[in-house]
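K.L.:
Fold the stuff below for me.
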Amino acid sequence: MPTLVINGKAPVVAYAELIAARIVNENCKDAITIEFVDQKGAAPAVFNGSSEDTFTAIISENPEVFGKLTEGVADWIKVAREQLVVKNFQQLSHSLEKLESVLNIRTFLLGGLTFSPADIACWGALRSNGMVGSIIKNKVYVNVSRWYTLLELKSAFGEAHEYLTKSMQGLKKASSSGKKKEGHKANFEIDLPDAKIGEVVTRFPPEPSGYLHIGHAKAAILNEYFAHAYKGKLIIRFDDTNPSKEKMEYQDAILEDLELMGIKGDKVTYSSDYFQEMYDLCIQLIKEGKAYCDDTEQEKMRAERMDGIASAKRDLPVEENLRIFTEEMKNATEIGLKNCVRAKIDYKAANKTLRDPVIYRCNLTPHHRTKDQWKIYPTYDFCVPIVDAIEGVTHALRTIEYRDRNAQYEWMLDALHLRKVYIWDFARVNFVRTLLSKRKLQWMVDHGVVSSWDDPRFPTVRGVRRRGMTVEGLRNFVLSQGPSRNIINLEWSLIWAVNKKVIDPVAPRHTAVVDPVQVTLEGEGAPQAPKVELKPKHKKNPAVGEKKVIYSKNIIIDKADAEVLELGEEVTLMDWGNVIITSKNADGSLVAKTNLDGDFKKTKHKLTWLANTDYVPIELVDFDHLITKDKLEEDENFIDFLTPQTEFHTKAVGDVNVKDMNVGDIIQFERKGYCRLDSKPEGDKPYIFFTIPDGKAVNKYGGKK
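P.N.:
So this is what the prediction gives:
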């Protein structure tokens, strides 16, 4: 019997899937088993063991209920999935306006006398969006509200939330009564072919030609996840077959970054360990007439491949090919340097990766491990399937841009008589206004756009960690995305929102004041001499420890706060009490009368403050994206879209406890946000804090207030 698993803790609850399943069950009792899980990291829904396009799967498998899945329905499903679940009001309102226009002349989205899967998908998306409730209630979009309310009258729609809530309560009750709560890693139910417990071997094969970026992190974490899920093994393998780009520096940095992420392979290997085996296999390929040497000029070869034209050297005799490869190319003679080896597959293939790809080429650059032992090196497409097969890899997980090359991968294994390796493609992680190309990132380092590969504006593992990303936050984000094949450009706010959930419960709370303005306190409760008390660093988590708080009759507050206060206004000094502004002096300073027991609920302004006795100079540094455009097209030069100013500095003072902090500590400055201490004072430099995004789109400092 088909089973639908709904994750009640998903950021976007799969109401559309739930409604569709309920409608199926109304037509045929218990046709779909509906289950629920309470797991933040799981996919919104899993249908028949897969988290891929679950709504479409339910619709497609029940044509007698929903009819044929038409192009129009598919288009609306896409709108629901991509546009109606966003929580940015400006973007959402634009989508609702389109919906309003369509419903102006129709009762339902596709017309007709009853709803269709298009209505289910869109209604479900809106029901899952917390911003929509008040919009429907206030009839901001009259037609949308009418349509939404009409569908809500139908039990499958209107009672879905109550059904979900009661089911989740049942799970919670079962858990609290000592029963084991059902867990379900819904994202990862991808049914790896022929995967057997204890026998799965995955690999993470970075090229040591740069530092790991966040895309590599996803690949590493997913490969580790499946290796452990099946109680198998993970191989960390350096794909070091191009000495022109590779350095020991990068290799060491990759191992350090993997260790920082908590990823440790069962063994670390190198493609260069198999140079002799690959050389021998290339000879075998040539002997069997499956490869040939070619000295065609590079541009001409590229044009011939594009146009499906056979190379003039394609039918060289086997003996001549062997001589060129083993004598000329291996020794990098003048003739050898002009040649490469190409696999003889199909020069007219519709899949252009099969048009006789290059599998070996000369390179005189000394290799960082094998030095000058070799002068010929295999290409990635020849090397990877061979080493995967030799090392016992069972499942090669790699990003979806390699999909066209999967046929080439399989051809290599078959042509070389090697064991089969299964491939699973997953979508690479793309972020808006972000470059992941090593070449382009290297250009930015070389031209001083950023300070180094660990610059907090960089998408490298080192960069995001220096900005304040935690290992747990990074892992949780990757696992929440799962091995989906859906390619989307993500907002950075998504990953920072995940990180916030990690740091918020444990980040000590401190105080910083920008452009200090003095306030003199008068009246009962105003300390005549400064006094120090110990207070919790985190009111909700005593385990975080205690901090020193200095109380004095002379305090400082932010200038921005001081400027908006009015004479006679009662305000709250956070974690102390209320005061009433009695004087605003010509020099900007203030005088206030204490009313420490006043009702803080009635005050408009809650102010952060510090005693004007002992504080620490600090600097808050905020950052913008390096690129001005969300997504660059292939014909666009990234240099034309560099953001003119991406770094913003704000001088401030912090409480005395800053002196006890260590580089890397993550805290929250009250009313200013989360920060990571990047460096301690040196010369004229104060304590430098990098602001950590919290998942909201608005930056707090510099030109983006």
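K.L.:
got the contact list for the residue nearest the centre of the chain?
P.N.:
Geometric centre of the chain, nearest residue: residue 495, 5.3 Å, by C-alpha atoms, centre = their mean. Going by C-beta atoms under 8 Å, 6 or more residues apart in numbering, residue 495 touches 214, 431, 469, 473, 474, 477. C-beta here means a position set from N, CA and C on the backbone, and glycine is covered the same way.
K.L.:
list the buried ones in the helix or strand containing it?
P.N.:
Element membership for residue 495 (DSSP states H and E) is helix 492-503. By neighbour count with 16 or more other C-beta atoms under 10 Å, helix 492-503 contains the buried residues 492, 493, 495, 496, 497, 498, 499, 500, 502, 503.
K.L.:
and if you look at stretch 680-692?
P.N.:
Of all the residues in stretch 680-692, those buried under the rule 16+ other C-beta under 10 Å are 686, 687, 688, 689, 690, 691, 692.
K.L.:
which one of those residues is nearest residue 48?
P.N.:
Distances from the buried residues of stretch 680-692 to residue 48 were compared by C-beta to C-beta; the smallest belongs to residue 692, at 40.4 Å.
K.L.:
Isn't the closest one up against residue 497?
P.N.:
No: the criterion here is C-beta atoms under 8 Å, and residue 692 misses it with residue 497 at 11.5 Å.
K.L.:
The stretch 201-350 of the chain: helices as residue ranges?
P.N.:
Ranges of helices in the stretch 201-350 of the chain, per DSSP state H, counting those that start in this stretch, are 214-229, 248-260, 275-287, 298-307, 318-323, 334-338.
K.L.:
Save those as a markdown table, and put in mean pLDDT too.
P.N.:
Compiled in a markdown table, those are given as follows (pLDDT from 0 to 100):
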| stretch | mean pLDDT |
| --- | --- |
| helix 214-229 | 90 |
| helix 248-260 | 91 |
| helix 275-287 | 98 |
| helix 298-307 | 96 |
| helix 318-323 | 98 |
| helix 334-338 | 97 |
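K.L.:
Out of these, which is closest to residue 520?
P.N.:
When those are compared by C-beta to C-beta, helix 248-260 sits nearest residue 520, at 48.8 Å.
K.L.:
The closest one packs against which elements?
P.N.:
Other elements packing on helix 248-260 under the criterion 3 or more C-beta pairs under 8 Å, 6 or more residues apart in numbering; DSSP states H and E are strand 233-238, helix 461-467.
K.L.:
Output those in TSV, with mean neighbour count, mean pLDDT and distance to residue 621 appended to each entry.
P.N.:
Shown next, in TSV, are the helices and strands packed on helix 248-260 (neighbours: other C-beta atoms under 10 Å; pLDDT from 0 to 100; distance: least, C-beta to C-beta, whole Å):
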stretch	mean neighbour count	mean pLDDT	distance to residue 621
strand 233-238	22	97	34
helix 461-467	22	95	10
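K.L.:
Make CSV from the ones you listed and add distance to residue 258 to it.
P.N.:
Shown next, in CSV, are the helices and strands packed on helix 248-260 (distance: least, C-beta to C-beta, whole Å):
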stretch, distance to residue 258
strand 233-238, 7
helix 461-467, 9
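K.L.:
So which of the ones you listed is nearest residue 606?
P.N.:
Comparison of those against residue 606 by C-beta to C-beta identifies helix 461-467 as nearest, at 28.1 Å.
K.L.:
which helices and strands does the closest one pack with?
P.N.:
Here helix 461-467 touches helix 214-229, helix 248-260, helix 471-481, strand 673-679, strand 687-692, going by 3+ C-beta pairs under 8 Å, 6+ apart.
K.L.:
List the buried residues of the second one.
P.N.:
I take that to be helix 248-260. 250, 251, 253, 254, 255, 257, 258.
K.L.:
Just want the angle from it to helix 214-229.
P.N.:
Helix 248-260 and helix 214-229 are oriented at 50 degrees to each other (axes from the mean of the first three to the mean of the last three C-alpha atoms, to 10 degrees).
K.L.:
how far does helix 248-260 sit from the chain's center?
P.N.:
Computed by C-alpha atoms, centre = their mean, to the nearest Å, the chain-centroid distance of helix 248-260 equals 20 Å.
K.L.:
hmm, who's touching it?
P.N.:
For helix 248-260, contacts defined as C-beta under 8 Å, 6+ apart pick out 204, 206, 208-212, 220, 236, 238, 240, 264-265, 268, 368-369, 453, 461-462, 465, 471.
K.L.:
repeat for the third one
P.N.:
Under the contact criterion C-beta under 8 Å, 6+ apart, helix 471-481 has outside partners 40-41, 187, 214, 217-218, 221-222, 225, 260-262, 429, 461, 464-465, 494-495, 498-503.
K.L.:
Give me the number of neighbouring residues for the spatially closest residue to residue 467 that is not a sequence neighbour.
P.N.:
Distances taken as C-beta to C-beta, 6 or more residues apart in numbering place residue 456 nearest to residue 467, at 3.9 Å, with adjacent residues excluded. Using other C-beta atoms under 10 Å, residue 456 is surrounded by 24 other residues.
K.L.:
cool, and residue 404?
P.N.:
12.
K.L.:
That one against residue 355, yeah?
P.N.:
No: in this structure residue 404 lies outside contact range of residue 355 using C-beta under 8 Å: 11.3 Å.
K.L.:
pLDDT below threshold where in the stretch 601-705 of the chain?
P.N.:
For the stretch 601-705 of the chain, the stretches with pLDDT under 70 are 697-705.
K.L.:
give me the low-pLDDT residue ranges for the protein?
P.N.:
The chain contains residues with pLDDT under 70 at 1, 40-41, 173-191, 485-488, 697-705.
K.L.:
So which bits of the one helix or strand residue 648 maps to are buried?
P.N.:
Element membership of residue 648, judged by DSSP H and E, is strand 647-654. Across strand 647-654, burial judged by 16+ other C-beta under 10 Å covers 647, 648, 650, 652, 653, 654.
K.L.:
do the same with stretch 531-539
P.N.:
536, 537, 538.
K.L.:
residues making contact with that stretch?
P.N.:
Residues from elsewhere that reach stretch 531-539, judged by C-beta under 8 Å, 6+ apart: 505-510, 542, 544-552, 575, 657.
K.L.:
Just the CA atoms of it, as PDB, please.
P.N.:
What follows is stretch 531-539 as a C-alpha-only set of coordinates in PDB (Å, rounded to 0.1, in the frame of the first residue of the first chain):
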ATOM      1  CA  LYS A 531      29.200  48.900  42.000                       C
ATOM      2  CA  VAL A 532      29.800  45.500  40.200                       C
ATOM      3  CA  GLU A 533      27.300  42.600  40.300                       C
ATOM      4  CA  LEU A 534      27.400  39.200  38.600                       C
ATOM      5  CA  LYS A 535      24.600  38.500  36.200                       C
ATOM      6  CA  PRO A 536      23.800  35.500  33.900                       C
ATOM      7  CA  LYS A 537      25.300  35.800  30.500                       C
ATOM      8  CA  HIS A 538      22.200  34.200  29.100                       C
ATOM      9  CA  LYS A 539      19.000  34.600  31.000                       C
END
